[in-house]
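1. need coordinates for the following:
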Amino acid sequence: MNNRKQRQRGSAMIEFTLVGIPMIFVLISVFEISRGMWNYHTLAYAVKEGTRYAIVHGSDCSSDPQNSCGVTVGQVAQRIQYAGIGLDPSQVQLTFTSSGNSITCNLNACLGNPTVWPEAPLNTPGSALTIGASLPFQSALAMFWPGAASGASFPTFNLTAGSSDIIQF
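-> Numbers count the residues shown, from 1 in each chain. Prediction:
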């Protein structure tokens with residue numbers, strides 16, 4: 001009986017190594033995929049909110065002739081930043097497109113952009129506009145890549161989202 005106990009010594013450590021390490025990898029994978037999905041969903045939602053804001057602020061958005069309803073790139077960018085809680089504004093790249101004319105800027109730079117968008121006559125009801133966004137994403141899963149050395153740079157890929165709509169007013 002004593003001989004049998006000596007043969008089983010250390011088996012718990014080997015079992016943990018065989019099961020525990022892959023389970024830790026699965027746990028980290030779930031968190032990283034969830035973080036990537038959250039970033040993408042937040043970016044897509046923010047872009048959609050910016051587009052919604054822009055389509056209701058065309059040339060005819062008010063019956064009051066004193067009200068000029070045009071919006072600026074900065075105002076749309078503020079709406080995107082407000083809806084994109086948790087996104088790093090220095091990392092978000094935006095592209096505003098209306099009838100082939102486009103403006104591309106970083107979200108931080110867009111916030112102070114006083115350019116009217118979409119510009120007349122492209123801001124009439126029925127005109128199409130598109131907002132696109134890109135956010136670089138780097139996953140911590142890369143540190144588990146075979147052969148990854150300390151201090152190695154890991155690949156980054158861009159999460160992209162876009163929204164198109166027709167100006168309503």
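
2. assign Ala136 to helix, strand or coil.
-> Not Ala; residue 136 is Pro. With DSSP: H, G, I helix; E, B strand; the rest coil as the basis, Pro136 sits in strand.

3. what's the closest non-adjacent residue to it?
-> Thr156 (4.8 Å; C-beta to C-beta, 6 or more residues apart in numbering). Quick note: C-beta positions are derived from backbone N, CA and C, even for glycine.

4. which residue is nearest the centroid of the chain?
-> Closest to where the C-alpha atoms of the chain average out (C-alpha atoms, centre = their mean) is Leu43, at 3.3 Å.

5. A helix includes that one, no?
-> Yes - assigned with three-state DSSP, Leu43 falls within a helix.

6. where does pLDDT dip in this structure?
-> Within the chain, the stretches with pLDDT under 70 are 1-8, 59-69, 142, 144-154.

7. quick one: the helices in this structure, in order.
-> Ranges of helices within the chain are 2-8, 11-55, 73-83, 107-111, based on DSSP state H.

8. so which of the ones you listed comes closest to Gln138?
-> Closest to Gln138 of those is helix 11-55 (C-beta to C-beta; 9.8 Å).

9. for that closest one, name the packing helices and strands.
-> helix 73-83, strand 128-137, strand 157-166 (3 or more C-beta pairs under 8 Å, 6 or more residues apart in numbering; DSSP states H and E).

10. what's around the nearest residue to the residue nearest to the centre of the chain once chain neighbours are set aside, how many residues?
-> Distance criterion C-beta to C-beta, 6+ apart; nearest residue to Leu43, sequence neighbours excluded, is Ala161 at 4.6 Å. Residue neighbour count, defined by other C-beta atoms under 10 Å, stands at 21 for Ala161.

11. got it, and Ile33?
-> If you count neighbours by other C-beta under 10 Å, Ile33 ends up with 12.

12. buried set for stretch 41-60?
-> Neighbour counts over stretch 41-60 (16 or more other C-beta atoms under 10 Å) mark 42-55, 57-59 as buried.

13. check contacts around Thr130.
-> 51, 95-98, 162-164 (C-beta atoms under 8 Å, 6 or more residues apart in numbering).

14. do I have it right that Glu49 meets Ile80?
-> Yes - using C-beta atoms under 8 Å, Glu49 is in contact with Ile80, at 6.7 Å.
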